[in-house]
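Asker: Next comes the sequence, and after it the predicted model I'd like to discuss.
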Amino acid sequence: MLKTYIKSTEALKQFRADTRGVVSFEYVIVAACVVGAVIFAFGPTGSGALGTALQGAINTIIAKVNAALA
C-alpha cells in the first residue's frame, strides 16, 4: 500500500511540474472567449445587435439590386 502511495505521489509531482499542456489549455480558454464574444455580438439565433445590423444591410443591398434589375 505504501509503495502505491509513494508512486502516486511521485506521479502527481511530475504531473504538476509538466507544463506542456498549459499552452493547449490557454488556447481552449481563448477559443471559449471568442465563441462567447460571437454569441454576444450576433445572438444565439442571429438576433443580436450586430446580426440585426448585418441583416438590415443585406436587405438594403438586395432591395437596391432588385430595383436596379427591374
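Answerer: Now that the structure is in, tell me what you want to look at.
Asker: Spell out, range by range, the helices that occur in the chain.
Answerer: 2-17, 20-42, 49-69 (DSSP state H).
Asker: quick one: contacts for Ala49?
Answerer: Counting by Cβ atoms under 8 Å, 6 or more residues apart in numbering, Ala49 makes contact with Ala41, Gly43. C-beta coordinates here come from the backbone N, C-alpha and C atoms, glycine included.
Asker: For Lys13, see how far away it is.
Answerer: Distance, Ala49 to Lys13, using Cβ to Cβ, to the nearest Å: 50 Å.
Asker: Least reliable of the helices of the chain by average pLDDT, please.
Answerer: Here those differ in mean pLDDT, and the lowest is helix 2-17 at a mean of 64.
Asker: number of nearby residues for Gly36?
Answerer: Gly36: 10 surrounding residues under other Cβ atoms under 10 Å.
Asker: And for Thr52?
Answerer: Neighbourhood size, Thr52 [other Cβ under 10 Å]: 13.
Asker: and what of the one 5 residues further on?
Answerer: Look at Ala57: counted by other Cβ under 10 Å, it has 10 neighbours.
Asker: One more: Ala31?
Answerer: 10.
Asker: mind starting the numbering at 37 from now?
Answerer: From this message on, residue numbering opens at 37, which makes the last subject Ala67.
Asker: Distance check, it against Ala93.
Answerer: From Ala67 to Ala93 the distance is 28 Å (Cβ to Cβ).
Asker: Then Gly72?
Answerer: 24 Å.
Asker: Ok, Tyr63 next?
Answerer: From Tyr63 over to Ala93 (counting by Cβ to Cβ), the distance is 33 Å.
Asker: cool, Val74 as well?
Answerer: Val74 is 18 Å from Ala93, by Cβ to Cβ.
Asker: same check, this time on Ala68
Answerer: From Ala68 to Ala93 the distance is 29 Å (Cβ to Cβ).
Asker: repeat for Val70
Answerer: For Val70, the distance to Ala93 (Cβ to Cβ) stands at 23 Å.
Asker: Equivalent analysis for Phe76, please.
Answerer: 19 Å.
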